[in-house]
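Enquirer: just a sequence and a predicted model for now, questions to come.
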Amino acid sequence: MYREEMILQNETGLHARPASILVKEASVFKSEISLIKDDKKYNAKSIINLLSMGAAKGDQLVIEAEGEDEEIAVKELIKIINNLNG
Amino acid sequence: MKGIATSSGIGIGQVFLYKEPEIKVVKQNIEDIDLEINRFEDSVNNTIEEIDKLYKLTLKNIGESEAEIFSAHRMMLEDPEFISGVKDKIKNEKVNSEFAVKEVTDFYVSIFENIEDEYLKARAVDLKDVSKRLLRILMGIKSIDLSTIDKKSIIVAEDLTPSDTAQMNKEMVVGIVTELGGRTSHTSIIARTLEIPAIAGVKDITKLSNFGDSMIINGDTGEILLNPSLEVIGDYEEKTRELADLRDKLLAMKDKESLSKDGHKVEIAGNIGTPKDIDKVLENGGEGVGLYRTEFLYMDRDRLPSEEEQFDAYKIVAEKLGKRPLVIRTLDVGGDKELPYLNLPKEMNPFLGYRAIRLCLDRKDIFKIQLRAILRASAFGNIKIMFPMISDLSEVREAKAIIEEVKMDLRQENIPFDENIEIGIMVEIPAVAIHSRAFAKEVDFFSIGTNDLIQYTLAVDRGNQDIAYLYNQYHPSVLNLIKMTIENGHKEGIWVGMCGEAAGDKKLLPVLLAMGLDEFSMSASLILRARNDLQRYSKGEIRDHLDTLLSLGTSKDVENYIDENILK
């Protein structure tokens, strides 16, 4: 298992379009990937899950992956989240 | 009976009563878990197939943005949490798929609905819609299919969803009446796109009418006649024939110039909001676009449109128009037209507040992206830039300076654009009309925005029903401001157009002609009629009436004078 922490910088948080971009990107990896906010786990491949977490700018998130491509998955997703704008 | 007229025209046909099949989910205990899970998976696959079909149908019959909703539906159906949630319920509680689907849907819907966010609330509706379809397939309930309509029919329904309108056999649908909705609801927008007469907001119509009743609807007045006599049907049929004849006569005007009786030439152009609208303008013989409202590119989404997106949206219209002019109005939002993602503060007086050019000059980052996209597109046609909500000459100067900066960047990057692009302003604030001579010295054209000009001159909120009677385009003060603006523009050698509702007003057409208005920009559907009417009036003759007309006391006096002395 591999995990990293990050702070969400995106203006509108993680909803709407940013969330659907993230789901598409996450689905590329074989590992199981979760976003953890306030000790609650959300499946990064689930649009319904990501939308219901209601993450806002400034929230602290943990990205965690388990599987053969876990490290690269976490690193890539952090990059993508940091590059989301809007 | 009467409702809200949402799509114009007369429809005569039989009632096709469209009620959604009722779906009642009952909890059942099951024995064979694997069998139940297989049943669930099969149904999901069938539902996806159905959604894909709807996507393609909508793409073909209606348009890309309308089809997008079905990709969202598909994403939800393929959602791993949704799928595993249902499967876990089936496994752990030994319940039927229907019950499991309903429970999981309700769970997420309640989460979405409890978050204060318009976007998520809309997703709750999507989720319910998808889940309803899945349940229907699981239970083997056939839906009434609007594609099977084979007689001239008027659809009567509570409301129609995108799935419904996508399937509709539009050849046979001559009208749509719904209990819910208004001018901007989904059904109304689609009806206007497809040119099907429609009326919304008719309470209890699904209870009052029966399958096969005959019905007449008038999409211009909102009137509905249920089971009219044969005589009345005959009258209406004649009326539709007359309208069709008039339409043919008008179509003959399509490629003609816009000339008055005494040979004075003006330009009659169309107003558009999306790139698709340009087709209607061209079909109706528009000589250009006098107003491209760009705010629609920014609305109904969750982030700003990129430069490329905007460039594409401007370029395609410019190319279709060729040499004909395309006036692009820069972003006109704020106040009543909100962009949730900009997080603008709520205002007490939105129409007098932080909006349009005021917002753009404050948020130069947003403004520059739009100007870059417009300038790049200017290499592909005859584009002109127009600023909305100008109240002070310093705003014009500042906005022009920003255009210069953007031009400089483009030159350095060797990106082509029209070096001589015309820059104009909306005249919609009385301050500008009164002082228009000074403004005319620094811009290339004026376009009079009557909707706001009336509202600001008369201090009447145009959205407030209680004072709607005060909002009037015939008010002598408004007409005097218009005349002053046209004259001052001409004194400084610039052209003056109009893009508010008044430009398409039958009664004002001869008056504006006499004042010397150069360009009339209106809804596409009004262009041909205006060109036809124009031939009846002589500019020289009507000019003799102007002094009398403009010195009258009230709006009513003005309207009566036009009726009695000019229209005759």
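Expert: Looks like it came in fine.

Enquirer: how's chain B carved up into domains?
Expert: Following automatic domain parsing, chain B resolves into domains at B:4-19+B:145-231, B:33-139, B:261-567.

Enquirer: from B:M75, how far out is B:K60?
Expert: 21 Å (C-beta to C-beta, to the nearest Å). (Glycine included, C-beta is placed from N, CA and C.)

Enquirer: more neighbours: which of these two?
Expert: Taking other C-beta atoms under 10 Å in any protein chain shown, B:K60 and B:M75 do not tie; B:M75 has more neighbours (17 against 10).

Enquirer: phi and psi next, for the more buried one.
Expert: phi -60, psi -40 (degrees, to the nearest 10).

Enquirer: B:E347 touches B:E338, doesn't it?
Expert: No: using C-beta atoms under 8 Å, B:E347 is not in contact with B:E338; the gap is 10.5 Å.

Enquirer: what's around the residue nearest to B:K276 when sequence neighbours are not counted, how many residues?
Expert: Sequence neighbours aside, B:G63 is the residue nearest to B:K276 in space, at 6.5 Å (criterion: C-beta to C-beta, 6 or more residues apart in numbering or on different chains). By other C-beta under 10 Å, the residues close to B:G63 number 14.

Enquirer: now swap in B:E559 and tell me
Expert: Close neighbours of B:E559, defined as other C-beta under 10 Å, add up to 17.

Enquirer: my guess is it contacts B:P476. True?
Expert: No: counting by C-beta under 8 Å, B:P476 is not a contact partner of B:E559; they are 10.7 Å apart.

Enquirer: shared neighbours, these two?
Expert: Residues touching both B:E559 and B:P476 (C-beta atoms under 8 Å, 6 or more residues apart in numbering or on different chains): none.

Enquirer: separation between B:D277 and B:D461?
Expert: On the measure of C-beta to C-beta, B:D277 and B:D461 end up 27 Å apart.

Enquirer: quick revisit: would you format the domains of chain B as TSV with mean pLDDT included?
Expert: Converted to TSV, the domains of chain B look like this (pLDDT from 0 to 100):
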stretch	mean pLDDT
domain B:4-19+B:145-231	89
domain B:33-139	88
domain B:261-567	94
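
Enquirer: tell me which of these lies nearest to A:N83.
Expert: Counting by C-beta to C-beta, A:N83 lies closest to domain B:261-567 out of these; the figure is 12.9 Å.

Enquirer: what is the neighbour count of the one residue in chain B that gets nearest to chain A?
Expert: Here chain B gets closest to chain A at one residue, B:R303, 2.3 Å apart by C-beta to the nearest C-beta. Around B:R303 there are 18 other residues, counting by other C-beta under 10 Å.

Enquirer: the one 4 residues further on too?
Expert: One way to gauge burial is a neighbour count; for B:E307, by other C-beta under 10 Å, it gives 15.

Enquirer: report the contact partners of it.
Expert: For B:E307, the contacting residues are B:369, B:372-373, B:376, by C-beta under 8 Å, 6+ apart.

Enquirer: next one: phi and psi at residue 61?
Expert: Just going to use chain A. Dihedral angles for A:L61 - degrees, to the nearest 10 - are phi -120, psi 150.

Enquirer: I was thinking of chain B, sorry if that wasn't clear
Expert: phi -90, psi -30.

Enquirer: that one against B:E171, yeah?
Expert: No: counting by C-beta under 8 Å, B:N61 stays clear of B:E171, with 11.0 Å between them.

Enquirer: which elements pack onto the lowest-mean-pLDDT helix or strand in chain A?
Expert: Ranked by mean pLDDT, DSSP states H and E, the helix or strand of chain A with the weakest confidence is helix A:16-26, at a mean of 81. With contacts defined as 3 or more C-beta pairs under 8 Å, 6 or more residues apart in numbering or on different chains; DSSP states H and E, the packing partners of helix A:16-26 are helix A:47-53, helix A:70-83.

Enquirer: residues contacting residue 19?
Expert: In the absence of a named chain, this looks at chain A. By C-beta under 8 Å, 6+ apart, the residues touching A:A19 are A:47, A:50-51.

Enquirer: nope, chain B
Expert: B:144, B:157-158, B:206.

Enquirer: filter these down to the buried ones.
Expert: Buried residues within the contacts of B:K19, counting neighbours by 16 or more other C-beta atoms under 10 Å in any protein chain shown: B:157, B:206.

Enquirer: let me have the contacts of B:K19 in CSV, adding secondary structure and distance to chain A as columns.
Expert: Below are these laid out as CSV (DSSP: H, G, I helix; E, B strand; the rest coil; distance: C-beta to the nearest C-beta, whole Å):
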residue, secondary structure, distance to chain A
B:I144, coil, 29
B:A157, strand, 29
B:E158, coil, 27
B:T206, helix, 33
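
Enquirer: and the contacts of B:K19, which is closest to A:N82?
Expert: B:E158 (45.7 Å).

Enquirer: who's in contact with that closest one?
Expert: Here B:E158 is in contact with B:19-20, B:178-180, B:206 (C-beta under 8 Å, 6+ apart).

Enquirer: state the distance from it to B:L17.
Expert: Distance, B:E158 to B:L17, using C-beta to C-beta: 10 Å.

Enquirer: give me the common contacts of the two.
Expert: Counting by C-beta under 8 Å, 6+ apart, the residues touching both B:E158 and B:L17 are B:T206.

Enquirer: neighbour count winner among B:N61 and B:E171?
Expert: Counted by other C-beta under 10 Å, B:N61 and B:E171 do not tie: B:N61 has more neighbours, with 17 against 9.
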